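got a sequence here, can you model it:
(chains A, B and C)
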Amino acid sequence: MIRVVHYINQFYGGIGGEEKADIKPELKEGVVGPGMALKAALGANAEIVATVICGDSYFNENIDAATAEIIGMIEKHNPDLFIAGPAFNAGRYGVACGSICKAVKDKLNIPVLTGMYIENPGADMFKKELYIVETANAATGMRTAVPAMAKLALKLAANETLGAPAEEGYIARGVRKNIFRAERGSKRAVNMLLAKLKGEAFETEYPMPDFDRVAPNPPVLDLTKAKIALVTSGGIVPKGNPDRIESSSASKYGKYDIEGIMDLTAETYETAHGGYDPVYANQDSDRVLPVDVLRDLEKEGVIGKLHRYFYTTTGNGTSVANSKKFAATFAQELLADGVQAVILTST
Amino acid sequence: MASARGGVFLRGAAQIITNNPMVRDKYEGKLDISFIDGKYIDVLKLTRDKVHQGFRVMSHPLAGSIKPNETPYRSVIVMSGSSLDHESLMIIEDSILAHEKFSSGKQMPRWSGSILSDFQVIDYHLIDSAVESMTTSGAFYL
Amino acid sequence: MRLELGKIFIKDVQFGSETKVEQGVLYINKQALLDAVGGDTRLKSIEIDIAKPGEETRIMPVKDVIEPRVKVEGPGGIFPGVISKVDVVGSGRTHVLKGAAVVTAGKIVGFQEGIIDMSGPGADYTPFSKTLNVVILCTPVDNLQQHEHEQAVRMVGLKAATFIGEAGRNVTPDEVKVYETLPLLEGAKQYPGLPRVGYVYMLQTQGLMHDTYVYGVDAKRIVPTLIYPTEVMDGAILSGNCVSACDKNPTYNHLNNPIIEDLYERHGKDYNFVGVIITNENVTLADKERSSNWTAKLAEYLNLDAVIVSEEGFGNPDTDLMMNCKKLTAKGIKTVLVTDEYAGRDGASQSLADADKAADAVITGGNANEVILLPPMKKIIGYTEPADTIAGGFDGSLRPDGSIMAELQVITGATSEIGMNKLSATQY
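Sure thing, here's the model as predicted:
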């Protein structure tokens, strides 16, 4: 009998919505909520022995403490397999599922599985390390998500070698795996050359790294009520660069309070960026980070409010991985702070 | 076989950033040397800093097929310039990423003295092939 | 230029009183071979052994693998500019002892690489577990300089292959294959409607232990140039490359370059295989710019519609590969690249040290960082102690039971960047 522990958030745990998102982890024997369907799909050889429920806000605001506490709860039940979610497109739930799965995998060394929508930020954060079943973007997709997760979970529990992402239904992890193909490389090269010559379709064996494309978000419907934040890769920092953000190849970003600040002046702000002539940015940092104009717009009622903090780093030579990591972190903060739109300036 | 050339080099424009004592000793008095008593990655990072200051990378920072988590030695030739050279920046950043990839995979073995000296010899010959090419083309005299 | 390649299929190799081929068996007079390769005062001793497919034998550290060939008709001899005079080769007739190989082994520098397992899981990854190997183990005199040592071992291998190849001179081949490339205008006249295809052959040329020789010239000193594909089959290109066992091209691979063979397969049917551009992989960026400019210019000069580009080695040459790709593509020439990958042990890192959008058609020989466990072998030819100090091995690689845990990097020819193997990688 495969012993399974299941993790869900406060909503699927039937405790409540956003107003209950700060509840601490709790442990229930047996199945709760979507665990019913999961139990059925897992069949007779597996049993969900316990369910951990935790509020999304609580988890994301207390990641270390919450993780430790949840690991303790899971460990007690001595599971063979751990399943979290599915989280669909719920961002903080997805991050929680991913974090917990990774912690269980690392600490308890048992197979883990979660499920989420491909655009859930948790998917991007954890797909390299975890198997994440690709689900629809909303809970209406539960009926297809659960059997898919159960099937893959059983394979993982049986220590089976998994096939390619498309055939197994998990989100491509972006990892390279060696395989033997039917023909030797030179023959494949000649075939690909012929296809390219004839204008026929061919599939490269090594796609170049993504030069990322981002689909635009829907427009903000009512600017007069929107809270807008400023983010820049132009390196604007309080004078003296208190966090010592590097002039290039930045390893960090800064978050600075602009409550009550109406204008960035040469005395108070400057740029840390080493990739462009800093004279004009240092004279008036509003040229890169337009706080003054947004204050005007705020006064005129064009926008609802300028967010209290701005985020900044230097884009000069900074790795894509670092940029992604920075944004993945502060985008969550911006969402939690109720920001609806961001003006991102670059240089 | 290539060896340290006896020719006269103009000082100032080009320099070798290295942590390889053999490279330092062979080129002492012939070329400007930024010697680092440090690791492979420290050479790459100093090269990056120089690129930020307008230097151009003249020899590939990943020269040789010996992987960055195998050889402790690295030498790179840079040449001063007046503005940020983006191509140099891309190359040095990609090289630093490649270094991270290898060094996160496996620790460098604790090499014995004779192996260390072999690594010095190979690094020296790789950089010497660059010096030779730059000498012939006159790049050192720019 | 027209070459008849007569293949004599070798089914077994044995020591005997006379060096000869009889009914598919290659007999080698060990002393005569030792005499033929000996005489270099830089080497203290030379030992010869035989390793056959299926045996529980491990050869390490491997330096080069060479196929025995002999020129029986037409100008020049095998390995022109090094063993034979610098006559132009590639025409007439050449005999090959197909299935046999000379493997040179020994320590040149303290850190080592190059494993050939004749059976077990490692054997699946190297083409040289399928050949009958005459292994030559060279021990140098004390304190020999590394470049002298490398040269001495290289020459022993070439001499041995030449000596053994002679045994095929008067043997009737089991199969004769004809390869022909016409001079430019004649070729264009013969195949007027066909697209024009070429091969850009990148050679490792960074310096000591990273060198390749063309007609005896150190290829780092050339500008890209043209060569008939059949010249390569007669040993015009030789390996002096001792680092990165998995993706360097041993001399055997140059002689048997599979891209050349497979381009010939459909030559005159689907395209006109016009010829080969050889180019180098030097250390300075100026050399890279010059060589890639020159490569693209020659391809344009030849009116090529499409090319295959093969890389050799890791890191630095990724930059040459991308420069070649970008510049060829910019001239409207359709380009397919052949490379291998260093994607980290977990496969999660970026595979190449450079990338370009123009590289939209890539063949990969696999991830050289993937870890493999090589079980202990009954017989070792060479030394196992270097396992810890092998490229891709790591501290504790050599286990007490004689097994080796290492990356695929250690296996000779495992991730061939000229497409010798079926191994590849894919996105998971």
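
could you pick out the residues of chain B near chain A for me?
On the criterion C-beta under 8 Å from any C-beta of the partner chain, chain A has as its neighbours in chain B the residues B:Arg48, B:His52, B:Leu84, B:Leu89, B:Glu93, B:Ile96, B:Leu97. (C-beta placed from N, C-alpha, C; glycine too.)

which among these end up buried?
Buried subset of these (neighbour count, 16 or more other C-beta atoms under 10 Å in any protein chain shown): B:Arg48, B:His52, B:Leu84, B:Leu89, B:Glu93, B:Ile96.

SS state for the fourth one?
For B:Leu89, the secondary structure call by DSSP: H, G, I helix; E, B strand; the rest coil comes out as helix.

quick one: it and B:Asp49 touch, right?
No - under the contact definition of C-beta atoms under 8 Å, B:Leu89 does not touch B:Asp49, with a separation of 11.3 Å.

C:Asp12 and chain A, how far apart?
As defined by C-beta to the nearest C-beta, to the nearest Å, C:Asp12 lies at a distance of 25 Å from chain A.

for that residue, give me its contacts.
When contacts are counted by C-beta atoms under 8 Å, 6 or more residues apart in numbering or on different chains, C:Asp12 touches C:Gly24, C:Val25, C:Leu26, C:Lys52, C:Leu132.

mind listing the helices for chain C?
Ranges of helices in chain C, per DSSP state H, are C:30-37, C:146-165, C:184-190, C:229-233, C:251-255, C:258-265, C:285-301, C:316-330.

closest to chain B out of these?
When the helices of chain C are ranked by distance to chain B, counting by C-beta to the nearest C-beta, first place goes to helix C:316-330 at 4.2 Å.

show me the residues of chain B next to chain A that map onto helices.
In this view, the residues of chain B next to chain A that belong to helices under DSSP H are B:Arg48, B:His52, B:Leu89, B:Glu93, B:Ile96, B:Leu97.

quickly check those residues for the two that are furthest apart.
Every pair in those was compared (C-beta to C-beta); the two farthest apart turn out to be B:His52 and B:Leu97, at 16.7 Å.

A helix includes A:Glu134, no?
No - when classified by three-state DSSP, A:Glu134 is found to be strand rather than part of a helix.

touching, it and A:Tyr117? I think so.
Yes - under the criterion of C-beta under 8 Å, A:Glu134 makes contact with A:Tyr117 at 7.5 Å.

give me the pLDDT for whichever residue of chain A sits closest to chain C.
Going by C-beta to the nearest C-beta, chain C is nearest to A:Gly185 of chain A, at 2.7 Å. According to the model's per-residue confidence, A:Gly185 sits at a pLDDT of 98.

who are the contact partners of it?
By C-beta under 8 Å, 6+ apart, A:Gly185 lies in contact with C:Pro258, C:Val338, C:Ile363, C:Thr364, C:Gly365, C:Ser416, C:Ile418, C:Gly419, C:Met420, C:Asn421, C:Lys422, C:Ser424.

CSV for the helices of chain C, including mean neighbour count?
Rendered in CSV, the data for the helices of chain C read as follows (neighbours: other C-beta atoms under 10 Å in any protein chain shown):
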stretch, mean neighbour count
helix C:30-37, 16
helix C:146-165, 23
helix C:184-190, 13
helix C:229-233, 25
helix C:251-255, 25
helix C:258-265, 21
helix C:285-301, 20
helix C:316-330, 24
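
of all the ones you listed, which lies closest to chain A?
With C-beta to the nearest C-beta as the criterion, chain A lies closest to helix C:258-265 of these, at 3.7 Å.

quick one: low-confidence parts of chain B?
Along chain B, segments meeting pLDDT under 70 span B:1-12, B:141-142.

list the residues that contact residue 43.
As the question left the chain open, I've gone with chain A. A:Ala150, A:Leu154.

wait, chain C was what I had in mind.
By C-beta under 8 Å, 6+ apart, the residues touching C:Leu43 are C:Cys138, C:Thr139, C:Pro140, C:Val141, C:Ala152, C:Val153, C:Val156.

could you rerun that using 6 Å?
Under the criterion of C-beta atoms under 6 Å, 6 or more residues apart in numbering or on different chains, the neighbours of C:Leu43 are C:Cys138, C:Pro140, C:Ala152.

kindly reformat those residues as a markdown table containing pLDDT and distance to chain A.
Formatted as a markdown table, the contacts of C:Leu43 follow (pLDDT from 0 to 100; distance: C-beta to the nearest C-beta, whole Å):
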| residue | pLDDT | distance to chain A |
| --- | --- | --- |
| C:Cys138 | 93 | 31 |
| C:Pro140 | 92 | 35 |
| C:Ala152 | 95 | 32 |
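
export those to a markdown table and tack on distance to chain B?
A markdown table is the format used below for the contacts of C:Leu43 (distance: C-beta to the nearest C-beta, whole Å):
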| residue | distance to chain B |
| --- | --- |
| C:Cys138 | 17 |
| C:Pro140 | 13 |
| C:Ala152 | 13 |
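
spell out which parts of chain C neighbour chain A.
Taking C-beta under 6 Å from any C-beta of the partner chain as the test, the list of chain C residues beside chain A reads C:195, C:258-259, C:262, C:270, C:306, C:308, C:334, C:336, C:338, C:341, C:343, C:347-348, C:350, C:355, C:359-367, C:370, C:419, C:421-426, C:428.

nearest spatial neighbour of B:Met79, skipping sequence neighbours?
With C-beta to C-beta, 6 or more residues apart in numbering or on different chains as the measure, B:Ala14 is the residue that lies nearest to B:Met79, at 4.6 Å, once sequence neighbours are left out.
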